[in-house]
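Peer 1: With the input below, show me the fold.
(chains A and B)
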Amino acid sequence: MNKDLENIKTTSYWKDAFRRLRKNKLAMVGLYIIIALILTAIFAPWLAPYDPYEVSYEEYLQPPSLKHPLGTDEFGRDILSRIIYGSRISLEVGIIAEGIATVVGVLLGSISGYFGGWVDHLIVELTNIVFAFPFLLFVIAIVVSLGPSLSNVFLAVGALNWAGTARLIRGQVLSLKESEYVEAARALGASNTRIIFKHILPNCIAPIIVSATLGMGGAIMIESSLSFLGLGAQPPTPSWGSMIDYAKDFLRTNLWYSFFPGLAIMITVFGFNLLGDGLRDALDPRLKI
Amino acid sequence: MTNYIIRRLLLTIPTLIGIITITFLLMYVVPGDPIRILMGQRGDPATIAMIRKQMGLDDPLPVQYFRFLTNVLRGDFGRSYATNRPVLSEILTRFPATLKLALASMLVASVIGLSAGIISATRQYSLFDYSSMVVALMGVSAPVFWVGLLLMWVFGYTLGWLPISGYGNISYLILPAITLGIRPAAYIARMTRSSFLEVLRQDYIRTARAKGLPERRVIYIHAMRNTLITVVTILGMELASLLSGAVLTETIFAWPGIGRLSVDAIIKRDHPMVQGTVLFTAIIFIFANLIVDISYAFLDPRIRYE
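Peer 2: Numbering: from 1, shown residues only, chains lettered A, B, ... in the order given. Take a look at the predicted model:
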């Protein structure tokens, strides 16, 4: 390649976006929180000072101490260790449930926007119906029907959380499909599938990333709410939500037992929200969800 | 205007039918025999068969669906397994409590959210702006039930200022209303701020300032009006999460509303009641959105849907 050309500094869209993101302090805080969550989940066995399932009746409901930095629960289990292991569940919910929702949302949204006609009407109406249900209650209804368990929570959240993504992607596809490069691709004889996946969707990646990031925070919140109601993770699995469910009975005397798992939920969701907001500003300053 | 309202009303019909259909499918197609739940493990086969026939559970699915649809449209939501009372009348008894809580928390949310949003917008990039927006984002990120427990601990157990749970005079309403109002308050603050900032840059605001109006008047009369539309939108959108949050809030504070009713029904495996509360809340939500949509037309003369 020509020497002169090599010397020209080019910045790609992604480089620009990352530079904008790095300048946003709050977004970086969010990113660090999420990295910390991922590391905690991966290295839980090494980070946790105790076995999260180890019962010790002599040490029940202890306040935070040097031995148990966040205290112990009613079975004498170490709360810090349980919170560390609980990060795995939250991360799983974020990735699996929101992953399902994003795939479904992107597929339905692009089909609806691209093909139009009765398919579009059907999908839009379905989206409206999902939006019409109070979300948590709808998830509860599904989980109750399928039976309370963590995997059913994944399924229910995944089966419902797509509506927002679908609506967003439909709007993007509607405007992109009129663009000249799509027309060119069609003139060259590209198939519909190829146009959607190779030409249109790559241009929707920014809103997809933003809505998936914010959606992960939302999915984690829903899981903890369901586990708090006893419909998600079943004992003795250490989920943050179910820990608070048990802790609430001891609230008067033992605040820390309720306090720390809730703090973990808040910090985690806060991290996803910060990063999601920051990504939105960095990837597309015009985009306002 | 009347045309718009009529058209908007007609548009809710397919959504309503969709909701009824999904609720039906959720409860009827799932595994688990309602009779077993009703009778426990004891019932003898003959009695079970008789009840099945009585309840029409042996009919083909489309027949059952059509019966369910017409029943719901006539206001018959079935009978509770637990009390054998009509589901709808049980729900209607509990509804005022939920409505009271929802309205009170909306009031909390509007007052906190609007003032925080306006102060932030008029002092953009100040310490107050920065910190209140971080607090708002934390408010959105904190689980409702956890906030409720913390408030309960501080104002109930420790300070002893307010009752911890139950239903009675206004003092019982304060903690649940704040708990439920925090999330929408945070959203309203964020949206008020951004829409206020946008409005403040408009020409008519510059005109208002140029003709020498006091800043107070510019902000609270001129800019405020155009921000209210945003607030109404958020209130409408937040209503769904308010009704969802009511499930958790009512559970914590032993508030005798629909949310608590549905959680109790879940624990008792009272399927018609679960179905009824989900359906009822969804219907309320649809009509609330209808009211929000129509109220746009009053708030914003540009929107007069023709």
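
Peer 1: hey, let's count contacts and neighbours off CA atoms from now on
Peer 2: Fine.

Peer 1: what's the average pLDDT for whatever helix or strand B:Ile13 lives in?
Peer 2: Secondary-structure element containing B:Ile13, defined by DSSP states H and E: helix B:2-28. Helix B:2-28 shows a mean pLDDT of 81 in the predicted model.

Peer 1: do stretch B:291-302 as well
Peer 2: Confidence over stretch B:291-302 (mean pLDDT, whole number) is 73.

Peer 1: Tell me which residues of it come out buried.
Peer 2: Within stretch B:291-302, the residues scored as buried using 16 or more other CA atoms under 10 Å in any protein chain shown are B:292-294, B:296-297.

Peer 1: still on that earlier bit, just checking, what packs against the helix holding B:Ile13?
Peer 2: The contact analysis (3 or more CA pairs under 8 Å, 6 or more residues apart in numbering or on different chains; DSSP states H and E) places helix B:2-28 against helix A:117-132, helix A:135-146, helix B:61-73, helix B:271-299.

Peer 1: Could you check how far the closest residue to A:Leu31 other than its chain neighbours is from A:Leu214?
Peer 2: Among residues not flanking A:Leu31 along the chain, A:Leu275 sits closest, at 5.8 Å (CA to CA, 6 or more residues apart in numbering or on different chains). Distance, A:Leu275 to A:Leu214, by CA to CA, to the nearest Å: 8 Å.

Peer 1: which one of these two has more residues nearby?
Peer 2: Counting neighbours by other CA atoms under 10 Å in any protein chain shown for A:Leu275 and for A:Leu214 shows that A:Leu275 has the greater number, 27 against 23.

Peer 1: what comes up buried for the helix or strand harbouring B:Met191?
Peer 2: Assigned by DSSP H and E, B:Met191 belongs to helix B:170-200. Using 16+ other CA under 10 Å as the test for burial, helix B:170-200 gives B:172-197, B:199-200.

Peer 1: And the next helix or strand past it?
Peer 2: From helix B:170-200, the next helix or strand downstream (DSSP H and E) is helix B:203-210.

Peer 1: how much does that next one deviate in direction from helix B:170-200?
Peer 2: Here helix B:203-210 runs at 90 degrees with respect to helix B:170-200, directions being taken by axes from the mean of the first three to the mean of the last three CA atoms, to 10 degrees.

Peer 1: Could you pull out the helices in the stretch 101-250 of chain A for me?
Peer 2: According to DSSP state H, counting those that start in this stretch, the stretch 101-250 of chain A carries its helices in the segments A:117-132, A:135-146, A:150-160, A:162-176, A:180-187, A:192-194, A:205-228, A:240-247.

Peer 1: could those helices go into TSV alongside distance to B:Val144?
Peer 2: Output for the helices of the stretch 101-250 of chain A, formatted as TSV (distance: least, CA to CA, whole Å):
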stretch	distance to B:Val144
helix A:117-132	20
helix A:135-146	12
helix A:150-160	18
helix A:162-176	22
helix A:180-187	46
helix A:192-194	43
helix A:205-228	8
helix A:240-247	11
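
Peer 1: least reliable of those going by mean pLDDT?
Peer 2: Looking at the helices of the stretch 101-250 of chain A, the lowest mean pLDDT belongs to helix A:135-146 (a mean of 82).

Peer 1: So which elements touch that one?
Peer 2: In this structure, helix A:135-146 makes packing contacts with helix A:150-160, helix B:2-28, helix B:224-253, helix B:271-299, judged by 3+ CA pairs under 8 Å, 6+ apart.

Peer 1: which helices and strands does the first one pack with?
Peer 2: Applying 3+ CA pairs under 8 Å, 6+ apart, one finds that helix A:150-160 contacts helix A:98-115, helix A:135-146, helix A:205-228.

Peer 1: now with 6 Å?
Peer 2: The criterion is 3 or more CA pairs under 6 Å, 6 or more residues apart in numbering or on different chains; DSSP states H and E, and the helices and strands that helix A:150-160 contacts are helix A:98-115.

Peer 1: Which elements pack onto the helix it packs on?
Peer 2: Applying 3+ CA pairs under 6 Å, 6+ apart, we find helix A:98-115 packed against helix A:150-160, helix A:162-176.

Peer 1: can you list contacts of the first one?
Peer 2: Read that as helix A:150-160. A:97-98, A:100-101, A:139, A:143, A:232-233 (CA atoms under 6 Å, 6 or more residues apart in numbering or on different chains).

Peer 1: Equivalent analysis for stretch A:190-207, please.
Peer 2: By CA under 6 Å, 6+ apart, the list of residues contacting stretch A:190-207 from outside reads A:Leu283.

Peer 1: burial measure for A:Ala212, as a count.
Peer 2: A count of nearby residues for A:Ala212, using other CA under 10 Å, gives 24.

Peer 1: B:Met273 too?
Peer 2: Using other CA under 10 Å, B:Met273 is surrounded by 28 other residues.

Peer 1: who are the neighbours in contact with it?
Peer 2: Neighbours of B:Met273 in contact, by CA under 6 Å, 6+ apart: B:80, B:87, B:265.

Peer 1: at 10 Å what do you get?
Peer 2: Applying CA atoms under 10 Å, 6 or more residues apart in numbering or on different chains, we find B:Met273 in contact with B:77-82, B:86-88, B:90-91, B:261-266, B:279.
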